[in-house]
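[1] Predicted model, plus sequence, below.
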Amino acid sequence: NAGVMQNPRHLVRRRGQEARLRCSPMKGHSHVYWYRQLPEEGLKFMVYLQKENIIDESGMPKERFSAEFPKEGPSILRIQQVVRGDSAAYFCASSLRTGGTDTQYFGPGTRLTVL
Amino acid sequence: GENVEQHPSTLSVQEGDSAVIKCTYSDSASNYFPWYKQELGKRPQLIIDIRSNVGEKKDQRIAVTLNKTAKHFSLHITETQPEDSAVYFCAPGGGNYQLIWGAGTKLIIKP
């Protein structure tokens, strides 16, 4: 049973470009969470999705950031017009049941560098 | 909303000694209490968790204790080893569908 997959593992973008981060949850998991982590800091919740639904996007900036989890395929975190401050590690996690009471399993992360 | 604090922010112990990290939370509806370990450059991984109907849980050198009345739970690592060096996060959940993450404790094991 493959774990949570994320790609790419490393992504370099120039300011103003778009970044697309992909996350495939563990088999059978329908709950996906995206987190951002700056160096030497903790995890910051961004968004929680179930298939075809955004449940909570309270941690995601209103502008330039969007997320989706389609019926088929991976979850996508999209950052438009990236700026240097978007450089961070982005982790996704998945859980079998609602994440407030269930273990979240993390992917290896995508390290985004904005030049 | 839920307020989560971890103490200490950095902990340095001699190899072989014990380490204790405490997590306090504010949401009385929290009923799930996990601890995650994150090694440098790697993903967070669950090391132990406890639910509110249990006061203590142990797994080899690692244990978690819960005090729901005082709203805190602690991670205990005995006989520490170099590979225990990492950042540890508490992330209580259950009040809603989210885990609320602490800021992390950097554990340093001195040889």
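    Here it is on my side, so go on. Since the structure is predicted, the reported quantities are computational estimates derived from the model, not experimental observations. Residues are numbered from 1 along each chain as shown, chains lettered A, B, ... in the order given.

[2] thinking residue B:61 is in contact with residue B:79, fair?
    Yes. Using C-beta atoms under 8 Å, residue B:61 makes contact with residue B:79 at a distance of 5.5 Å. Where you see a C-beta, it was placed from the backbone N, CA and C, and this is true even at glycine.

[3] how about low-confidence regions in chain A?
    A:1, A:98-100 (pLDDT under 70).

[4] again, 90 this time
    Low-confidence segments of chain A (pLDDT under 90): A:1-2, A:28, A:30, A:39-43, A:58, A:96-103.

[5] again with chain B
    Checking chain B against pLDDT under 90 turns up B:1-3, B:27-31, B:51-54, B:93-100.

[6] hmm, stretch B:8-16 in reach of chain A?
    No. Taking C-beta under 8 Å from any C-beta of the partner chain as the criterion, stretch B:8-16 and chain A are apart, separated by no less than 10.3 Å.

[7] Neighbours of the nearest residue to residue A:5 once chain neighbours are set aside, how many?
    Nearest non-adjacent residue to residue A:5, counting by C-beta to C-beta, 6 or more residues apart in numbering or on different chains: residue A:24, 4.3 Å away. Using other C-beta atoms under 10 Å in any protein chain shown, residue A:24 has 19 other residues around it.

[8] And residue A:28, by the same measure?
    8.

[9] got it, and residue A:37?
    Other residues within reach of residue A:37, judged by other C-beta under 10 Å, total 20.
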